[in-house]
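Colleague: how would this look folded up:
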Amino acid sequence: MRLLVTAALGLILLAAPAGAQSPPTTPVSPVVAAEGLAAMDAQIRDGKFQKITSVLIAQRGRMVHEAYFDEGGAQARRNTRSVTKTVTAMLVGAAIARGDLKGVDVPVAPFIPGPFEHPDPRKSRITVEDFLTMSSLLECDDSNSFSRGNEERMYLIEDWAKFALDLPIKGFPEWTLKPQDSPYGRSFSYCTAGVVTLGAVVQKATGQPLPAFAHDALFAPLGIEGERWQGSPTGLAMGGGGLGLRSRDLLALGRLLLDGGRWEGRQVLPPAWVKAMTTPHASVSPDRGDYGYLVWLPTYKVGEVAHKAWMMSGSGGNKVIVFPDLEAVVVVTTENFRVRNPHDVTDSLITEHVLPAIGR
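Modeller: Next up is the predicted model:
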């Protein structure tokens, strides 16, 4: 049976996962509950946005909208694909905060058993930050089916972390920007294999399996439970995608970023790390904006009003979007995996309905 829960005027819904204490709430405009979002729900049910499974909105510490459009409802652990990558960035920050990892300038290679194919001294200089910013010199590009490091090729190999460091150094033809000529001095190339390798680095540095460290350092403090990891053939948890979380869990992760790493009076992540995650370190493209530490940094426009955002993003148009200027977090989960331009579908929902409702 389809479950639909919508926050109506005067109804307070908890923004925290089950088991976590509700944060102090600040009243929001009744316009949020009264206009736009009911029409959005109706259009979702009518199929305008293909297969949206949930939409959650929290603003100023209070849930203002929560709706589910699939059979799983509030308790379903949804596979939001590469949204997981931002979780891995959080775990890197937690490992650094605990002193298990010395910093983002630490070379990656010593954490991964070699030797590696295509030996090159530049591989030994690839750092944690290079993988956090999708800007290592490895020939790895998920958007290019010819790339040796394409994600689909990784799944054919048993050891996914070694797969990354076995890749050759990429070349820069004269019609492409070299790192030194690129904004922020980095050449962006979306590479899931690099993020998987970061998960292996965190696991080696902390001495804990990645799921155990994630639960201890991140999920348990946020009241997140029952998380479901996917794994590689060697048993490494997949830090690059496929983590199953409830929609409210995703909302909690977004709120953690919005609140500078703080949750229920506890500093879960250092404020400096959240700032680093949400600061531009690489340029994706002129039309897609900048990139932080496994965080997209787009700008959404409604009319002439621009809202800068921090975004966790996964295939199918799955998104957790933080709008700092509106003190808001928006979660949209989908199953639009075979839909053309699914991110545009989600972005249309955001600009046509969500932002007009909460941006007043």
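
Colleague: how about the helices in the stretch 251-360 of the chain?
Modeller: Residue ranges of the helices in the stretch 251-360 of the chain, as given by DSSP state H, counting those that start in this stretch, are 271-277, 342-349, 355-358.

Colleague: nearest to G194, of the ones you listed?
Modeller: helix 271-277 (16.0 Å; CB to CB). (Each C-beta comes from the backbone N, C-alpha and C, glycine too.)

Colleague: give me every residue that touches the closest residue in space to V322 that isn't next to it in sequence.
Modeller: Leaving out its chain neighbours, the residue that sits closest to V322 by CB to CB, 6 or more residues apart in numbering is W310, at 4.3 Å. Applying CB atoms under 8 Å, 6 or more residues apart in numbering, one finds that W310 lies in contact with L257, M277, T278, G292, V295, W296, L297, I321, V322, P324.

Colleague: Filter those residues down to the buried ones and hand me the PyMOL line.
Modeller: A single PyMOL command selects the buried members of the contacts of W310 (16 or more other CB atoms under 10 Å):
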select buried, resi 257+277+278+292+295+296+297+321+322
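
Colleague: out of the contacts of W310, who's nearest E304?
Modeller: Nearest member of the contacts of W310 to E304, counting by CB to CB, is P324, at 19.2 Å.

Colleague: Please tell me I have it right and S247 contacts S54.
Modeller: Yes - with contacts counted by CB atoms under 8 Å, S247 reaches S54, the gap being 4.3 Å.

Colleague: got any residues that touch both of the two?
Modeller: Contacts common to S247 and S54, judged by CB under 8 Å, 6+ apart, are E66, Y68, R78, V331, T333.

Colleague: Quickly list what the residue positioned nearest the centre of the chain is bridged to.
Modeller: Centroid-nearest residue in the chain: M312, 2.8 Å away (criterion: CA atoms, centre = their mean). On the basis of DSSP bridges, M312 is bridged to V320.

Colleague: Please tell me how far it sits from Q203.
Modeller: Counting by CB to CB, to the nearest Å, the gap from M312 to Q203 is 21 Å.

Colleague: same deal with A58?
Modeller: Counting by CB to CB - A58 and Q203 are separated by 31 Å.

Colleague: what's the answer for P298, then?
Modeller: 31 Å.

Colleague: between these two, who's got more neighbours?
Modeller: Counted by other CB atoms under 10 Å, P298 and Q203 do not tie: Q203 has more neighbours, with 23 against 20.

Colleague: Sketch out the low-pLDDT regions of this protein for me.
Modeller: 1-35, 360 (pLDDT under 70).

Colleague: mind listing the strands for it?
Modeller: 52-59, 62-68, 78-79, 244-245, 262-263, 266-267, 282-285, 289-291, 296-297, 299-302, 305-308, 310-314, 318-323, 328-334 (DSSP state E).

Colleague: Can you tell me which of those strands is packed in deepest?
Modeller: When the strands of the chain are scored by mean count of other CB atoms under 10 Å, the highest mean neighbour count falls to strand 328-334 (a mean of 28).

Colleague: Tell me which other helices or strands that strand touches.
Modeller: Strand 328-334 makes packing contacts with strand 52-59, helix 247-258, strand 318-323, helix 342-349 when contacts are defined by 3 or more CB pairs under 8 Å, 6 or more residues apart in numbering; DSSP states H and E.

Colleague: closest one to I112 among the ones you listed?
Modeller: helix 247-258 (27.0 Å).

Colleague: how far off strand 52-59 does the closest one point, in degrees?
Modeller: Orientation of helix 247-258 against strand 52-59 (axes from the mean of the first three to the mean of the last three CA atoms, to 10 degrees) gives an angle of 40 degrees.

Colleague: residue contacts, P209?
Modeller: Contacts for P209 (CB under 8 Å, 6+ apart) come out as Q203, A237.

Colleague: What distance do you get for it to Y155?
Modeller: In terms of CB to CB, P209 sits 21 Å off from Y155.

Colleague: try K123
Modeller: With CB to CB as the criterion, K123 and Y155 are 22 Å apart.

Colleague: So these two - more neighbours on which side?
Modeller: Remark: of K123 and Y155, K123 carries more neighbours, 22 against 13, as counted by other CB under 10 Å.

Colleague: mind listing what that one touches?
Modeller: So K123 contacts A109, F116, L138, L165, I169 (CB under 8 Å, 6+ apart).

Colleague: Over to G103?
Modeller: Counted by CB under 8 Å, 6+ apart, G103 has contacts I96, V128.

Colleague: Recalculate using a threshold of 7 Å.
Modeller: With contacts defined as CB atoms under 7 Å, 6 or more residues apart in numbering, G103 is in contact with I96.

Colleague: Next: S189.
Modeller: Contacts of S189 (CB under 7 Å, 6+ apart): M134, S135, C140, D141.

Colleague: Which pair of those residues spans the longest distance?
Modeller: Across the contacts of S189 (CB to CB), the longest gap, 11.6 Å, separates S135 and D141.

Colleague: between those two, who's got more neighbours?
Modeller: S135 (24 against 19).

Colleague: Thought F188 was touching the more buried one, still the case?
Modeller: Yes - using CB atoms under 7 Å, S135 is in contact with F188, at 5.7 Å.
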